[in-house]
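Asker: Output the structure for:
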Amino acid sequence: MWFLVIGLLLLVLYLAGVEPVSAWHWIWIALPFGAAALWWTFADASGLTRKRAEEKIEARKRARRQRDIDALGLNPQQQKRVHELRRGDSPAPVKEPRRRDPSL
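Answerer: Predicted structure coming up:
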């Protein structure tokens, strides 16, 4: 992705006639596009793209599972805290949120 961004930036500078880039040979402008194509070929062949996609799917599954567990009230840490609060033997007292003084 970064090779493509660099290539597009160089192409815009070349076509706009910005002095240091406009004097370069066209091969230097096309080089980042070739590097992007090589990188994408390598990433697809090595399985890097598939691995990243699977990690993203697994992260979504974990988040959805945790959200559903919390919604059902099956989270053990949350249940422990609720039981402590109901019994009144909470190790740390719950602080009241600070309120702004309306006279300010």
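Asker: hey, let's count contacts and neighbours off CA atoms from now on
Answerer: OK.
Asker: show me where this structure has helices.
Answerer: Under the criterion DSSP state H, helices of the chain are mapped to 2-16, 19-22, 26-46, 48-72, 76-87.
Asker: Now do the buried residues in the last one.
Answerer: If I follow you right, that is helix 76-87. In terms of neighbour count (16 or more other CA atoms under 10 Å), helix 76-87 has no buried residues at all.
Asker: One more: stretch 19-36?
Answerer: Under the neighbour-count rule (16+ other CA under 10 Å), stretch 19-36 has Val21, Ser22, Ile29, Leu31, Pro32, Phe33, Ala36 buried.
Asker: can you redo the helices of the chain as TSV with mean pLDDT?
Answerer: Shown next, in TSV, are the helices of the chain (pLDDT from 0 to 100):
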stretch	mean pLDDT
helix 2-16	94
helix 19-22	90
helix 26-46	93
helix 48-72	91
helix 76-87	72
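Asker: Which one, of the ones you listed, ends up nearest to Arg98?
Answerer: helix 76-87 (20.5 Å; CA to CA).
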